[in-house]
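J.: my questions are about this predicted structure, shown below with the sequence.
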Amino acid sequence: MFLTKVQPLVVQVYAALNSLDSYEVDGSGKAGRRFTATYHNARTAMITLLLVATLIGLALAVFVARLIVGPLRRVSTVLDRVAAGDLSQVAQAHAKDELGQMATSLNRAIARLRTTVGTMDHSARRSTAPPPNSTPPPVRSPAPRSSR
């Protein structure tokens with residue numbers, strides 16, 4: 001009698017346990033799929049952000065390089081012209097950074113060179129000019145040649 005009453009209850013418990021087990025397996029499968037989907041979405045987002053950050057970094061690097069290279073090229077051009085003897089050049093200095101300071105120093109050096117060359121030119125002209133109120137030396141005629 002005990003077994004006849006208990007056996008249906010045991011079968012119901014086993015059925016309930018099997019149902020619970022199936023529910024857990026299905027739930028864990030769904031959770032696993034959700035986890036996998038979340039992982040893939042997060043990975044895709046991270047790769048996208050990394051690529052965007054890399055592109056922004058490259059764009060900033062190009063921008064900064066152009067900010068530096070442009071003034072350097074202008075100063076280099078002025079230096080080449082000064083080296084060729086053209087002291088009328090002026091390096092454009094718009095910034096107050098190191099490049100601007102370099103252009104300002106170059107302009108001071110060119111101005112000093114202009115002054116020095118002007119002073120030397122003035123001194124050379126004074127030393128080769130005849131003194132004021134002087135008479136030119138007499139012109140000598142060539143000595144007659146003797147014919148033998």
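T.: Received the coordinates, thanks.

J.: regarding this structure, what is its longest helix?
T.: The longest helix of the chain (DSSP state H) is helix 2-83.

J.: ok, then the element right after that helix?
T.: Next in sequence after helix 2-83, counting helices and strands by DSSP states H and E, comes helix 98-128.

J.: flag every buried residue along that next one.
T.: For helix 98-128, the neighbour count (16 or more other Cβ atoms under 10 Å) marks 99-100, 103, 106-107, 110 as buried. All C-beta atoms are positioned from the backbone trio N, CA, C, and that covers glycine.

J.: now for Y39, how many residues are close by?
T.: 10 (other Cβ atoms under 10 Å).

J.: which stretches of the protein have low pLDDT?
T.: Filtered on pLDDT under 70, the chain yields the residue ranges 1-3, 129-148.

J.: repeat that with 80
T.: Low-confidence regions of the chain, defined by pLDDT under 80, span residues 1-6, 8-10, 20-32, 93-95, 127-148.

J.: quick one, what contacts the residue positioned nearest the centre of it?
T.: Centroid-nearest residue in the chain, with Cα atoms, centre = their mean: A65, separated by 2.3 Å. For A65, no contacting residues are found, by Cβ atoms under 8 Å, 6 or more residues apart in numbering.

J.: I'd like the buried residues of helix 98-128 laid out as TSV, including distance to D26.
T.: Listed next are the buried residues of helix 98-128 as TSV, based on distance: Cβ to Cβ, whole Å:
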residue	distance to D26
L99	69
G100	71
A103	75
L106	79
N107	81
I110	85
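
J.: now do the contacts for S127.
T.: S127 neighbours (Cβ under 8 Å, 6+ apart): none.

J.: do you know how far it is from M120?
T.: Taking Cβ to Cβ, to the nearest Å as the measure, S127 and M120 are separated by 11 Å.

J.: residues in contact with L17?
T.: Taking Cβ under 8 Å, 6+ apart as the definition, L17 has no contacts.

J.: separation between A95 and L60?
T.: From A95 to L60 the distance is 18 Å (Cβ to Cβ).

J.: who's more crowded, these two?
T.: Higher neighbour count among A95 and L60: A95, with 13 against 10, using other Cβ under 10 Å.

J.: OK, contacts around that one?
T.: A95 sits next to P71 when contact means Cβ under 8 Å, 6+ apart.
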